[in-house]
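*Asks:* need the 3D shape of this:
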Amino acid sequence: QAPIKATCEDMSCKTGFPEDVHSAVVSRSVQGGQPLLNVRFRSCDGNKKIHFGSSEPEDFRVGEDGVVYAERSFQLSAEPTEFVVSAQDKETQQEWQMRVKLTPEPTFTGASEKDQRKIEEIIFPWQQYKHSSPLKRQKRDWVIPPINLPENSKGPFPQELVRIRSDRDKSLSLRYSVTGPGADQPPTGIFIINPISGQLSVTKPLDREQIASFHLRAHAVDVNGNQVENPIDIVINVIDMNDNRPEFLHQVWNGTVPEGSKPGTYVMTVTAIDADDPNAQNGMLRYRILSQAPSSPSPNMFTINNETGDIITVAAGLDREKVQQYTLIIQATDMEGNPTYGLSNTATAVIAVTDVNDNPPEFTAMTFYGEVPENRMDVIVANLTVTDKDQPHTPAWNAMYRMTGGDPTGRFTILTDPNSNDGLVTVVKPIDFETNRMFVLTVAAENQVPLAKGIQHPPQSTATVSITVIDVNESPYFVPNPKLVRQEEGLLAGSMLTTFTAQDPDRYMQQTSLRYSKLSDPANWLKIDPVNGQITTTAVLDRESIYVQNNMYNATFLASDNGIPPMSGTGTLQIYLLDINDNAPQVHPKEATTCETLQPNAINITAVDPDIDPNAGPFAFELPDTPASIKRNWTIVRISGDHAQLSLRIRFLEAGIYDVPIVITDSGNPHASSTSLLKVKVCQCDLNGDCTDVDRIVGAGLGTGAIIAILLCIIILLILVLMFVVWMKRRDKERQAKQLLIDPEDDVRDNILKYDEEGGGEEDQDYDLSQLQQPDTVEPDAIKPVGIRRLDERPIHAEPQYPVRSAAPHPGDIGDFINEGLKAADNDPTAPPYDSLLVFDYEGSGSTAGSLSSLNSSSSGGEQDYDYLNDWGPRFKKLADMYGGGDD
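*Replies:* Have a look, this model is predicted:
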């Protein structure tokens, strides 16, 4: 490649736009933010800060790099669109301008686009180099107009789009390639390029709803991979086709509208979306109402805004009581609602007519009747029924009742039944038949919410309630109740006290006179005449009785009538008893203790009188004249109105118990006096005045309760000791029962019995066969405790009668003796073995007993064969050797 020669004219530089008018061809549909072209501006000083502007800023915007962008989406008209692009130096404020003319792409019909135009060529911008110099100057790149490719193309594929080439391919062998999403980045393989010819093609149909545009970059390198041109950007816009129907966000839309709404009232908004381009006709939707059900009162009660989907009312006459709900079929169509080319879809709009209070409650009758017995409360006397056409159980339907007249004293109230909406007339205060026989109430019915505008309450919202009071038999009542009577005590039996009568409130009932009886009389002092109510006494009235509290005695009487049903009432008679001096004072306490010496020996006494002032204290205390020893030994001094002090008059009085009479007189008129005996215990005292001798204890004595308590304690103690002794004896018996019958040291069943006498042949004939029995048989039964016996122990039975050999038997008696013993042993249940295994151990050869020559027989022993004894075991082997072994 030969270097290019540069001249001085070529190197001259002029700041500004290289051309006054710049023309470009763009697609008819322009999207907001879409790059349209690149304006070229030449700056001789690279440090200048240039700001670009547009004469149509609402439509076009120029970036700092000179790229012109669409500010909004719009459709280009068939005529070219012109505007001015300005460049201004921020420091010098110098400005340059250039006019831009945009021409829309022509549309093709009929033949394919490939047959109508040639494949467009995109040429890389040229570069200019200075020979043998590192400095170079490059012309500003331009923006290649976007390539518009319709979606859902049917091919054939691959479909050629443009050809990319460099003007240097004449002198160099170049290789072309494209990069970016859709080429070498996901989704890969959609666009391919011929590396030799630079032909860019698409390999399959495109879907705008998935990818609306592709941004590729084209490269040109030599065979060595060196970049010979700067990469250029290629934008491929996918042209939208109407391949998607509108889709409503909900298949069923629910809305409400109050009844009686005026035309133009907003109801609801339905919305549909279209996946096609919303800025093109394919995605521009229009709404309309296909049908309305029901069609009353008008088939066109609603209308819809065809662009926004807002549903409003267009006719009056919405009445919930007639039509409670409307169902509309809404259609959405794209292509701006074109019925021929647009795609459509439908949804359902359900509009509920809500209730307003346009119907007042109306009574079902103008007059209601009821009756109530007198003196009754909290009873329902009448039910007021109303009708209301509004929706049940809503504030516009719920009724409230108020009385407008006829009840000045507030004896009635009206509650509302929440289920039936009825008015329940209820009595809240008792009514007296003798005062009011009938009530006429005026009642008005209203709703919980006010009526709608323009609607008035009709006459049917007011009714009259006539209530009749029924006379019933009422209880008689005493007047006054209680009745107070003041009377001195001591009134004798049979005296007339007072008259206590009752009244019958039933003036309009024909009844006989009342009958009286006594209901409560604790002391049984009174009686009442059953006809006239006169009360007389049956006993003497006593203020000091236990039934009198605070001088007051209460009695209750009963008055009964003969009505149906009979009724009765009670009255209380209160008798305030006035005190008289009918009780003499007494000394308190009745017993006292003093020392036998003069000092200290004072006794304090008190006078007690059941009467009250002025028939009580102050009291006078004195000693009687007889016997004379009283005044000789004692003296009494009053220390206050109720208290006196008794002391010894003499220096010494022998210890003992003395009865001292004391005369006490009260202050009543006339006076009342009594002689009380004070039991005085005289004893020896220490320096502190306390009794020290035994006589005091004896004199004092023990009470009956204390003696009984002491005896009970002694009895309980003896019982405990006896129970302890019984328990100890029982425990000893149980302990003895658990011991073995035989002491282990005395048990000879497993021991060797040692006999000092070993026998002496025939001469030793005097032996006791009882030694052959078990050793425990020689022990007395008294020492063997009763208890559990061992299994191998002899059972307790009656002792068998074994034969007893005489002291000097005949030799012929030995056989008989043995046979009788054998029979007795066979019949003896206590004889061995005792249901146990008897083990005999071999004790070895030899014997300390010496020779058994005394057993030898001279008559026939030598002739017998004793060899069979060898078969009997080692115990008989010795006998076999002795009798069958020959002379030796």
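*Asks:* any idea how far S29 is from E151?
*Replies:* Distance check for S29 against E151: by CB to CB, to the nearest Å, it reads 13 Å. Backbone N, C-alpha and C define where each C-beta goes, glycine included.
*Asks:* joint contacts of the two?
*Replies:* Taking CB atoms under 8 Å, 6 or more residues apart in numbering as the contact rule, S29 and E151 both touch I239.
*Asks:* domain assignment for this protein?
*Replies:* What the TED database lists as the domains of the chain is 21-104, 147-239, 247-354, 362-470, 477-578, 586-683.
*Asks:* turn the ones you listed into a markdown table, columns for distance to Y868, mean neighbour count and mean pLDDT.
*Replies:* Converted to a markdown table, the domains of the chain look like this (distance: least, CB to CB, whole Å; neighbours: other CB atoms under 10 Å; pLDDT from 0 to 100):
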| stretch | distance to Y868 | mean neighbour count | mean pLDDT |
| --- | --- | --- | --- |
| domain 21-104 | 141 | 15 | 84 |
| domain 147-239 | 122 | 16 | 90 |
| domain 247-354 | 125 | 17 | 93 |
| domain 362-470 | 123 | 16 | 90 |
| domain 477-578 | 120 | 16 | 86 |
| domain 586-683 | 115 | 16 | 83 |
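*Asks:* kindly state the beta-bridge partners for the closest residue to Q251 other than its chain neighbours.
*Replies:* Sequence neighbours aside, A347 is the residue nearest to Q251 in space, at 5.6 Å (criterion: CB to CB, 6 or more residues apart in numbering). Taking DSSP bridges, one obtains I330 as the residues bridged to A347.
*Asks:* residues contacting A347?
*Replies:* Neighbour list for A347: F248, H250, Q251, V252, W253, V270, A272, I329, I330, A332 [criterion: CB under 8 Å, 6+ apart].
*Asks:* next one: Y176 relative to I714, how far apart?
*Replies:* For Y176, the distance to I714 - CB to CB - is 138 Å.
*Asks:* now the residue most central in space within the chain: phi and psi?
*Replies:* The central residue of the chain, meaning the one whose C-alpha is nearest the mean C-alpha position (CA atoms, centre = their mean), is P418 at 30.8 Å. P418 adopts backbone torsions of phi -70, psi -20, taken as degrees, to the nearest 10.
*Asks:* next: S673.
*Replies:* Here is the backbone geometry of S673 (degrees, to the nearest 10): phi -140, psi 160.
*Asks:* and the strands in the stretch 501-650 of the chain?
*Replies:* 502-503, 515-520, 526-528, 534-537, 552-560, 568-578, 586-588, 591-595, 603-608, 620-622, 634-638, 643-648 (DSSP state E, counting those that start in this stretch).
*Asks:* quick revisit: now the domains of the chain in TSV, with distance to D732?
*Replies:* What follows is the domains of the chain, written out as TSV (distance: least, CB to CB, whole Å):
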stretch	distance to D732
domain 21-104	121
domain 147-239	109
domain 247-354	102
domain 362-470	83
domain 477-578	64
domain 586-683	55
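*Asks:* ok, now how distant is R515 from L573?
*Replies:* 17 Å.
*Asks:* for V202, same thing?
*Replies:* Counting by CB to CB, the gap from V202 to L573 is 125 Å.
*Asks:* what's the answer for E362, then?
*Replies:* E362 is 61 Å from L573, where distance means CB to CB.
*Asks:* kindly report the same for T675.
*Replies:* 40 Å.
*Asks:* all strands for the stretch 201-350 of the chain, in order.
*Replies:* Per DSSP E, counting those that start in this stretch, the stretch 201-350 of the chain has strands spanning 213-222, 232-239, 247-248, 252-258, 266-269, 272-273, 286-293, 302-304, 310-313, 325-333, 344-354. These are given in chain order.
*Asks:* of all those, which lies closest to F191?
*Replies:* Nearest to F191 among the strands of the stretch 201-350 of the chain is strand 213-222; the distance by CB to CB comes to 6.3 Å.
*Asks:* output the contacting helices and strands for that closest one.
*Replies:* With contacts defined as 3 or more CB pairs under 8 Å, 6 or more residues apart in numbering; DSSP states H and E, the packing partners of strand 213-222 are strand 174-179, strand 191-193, strand 232-239.
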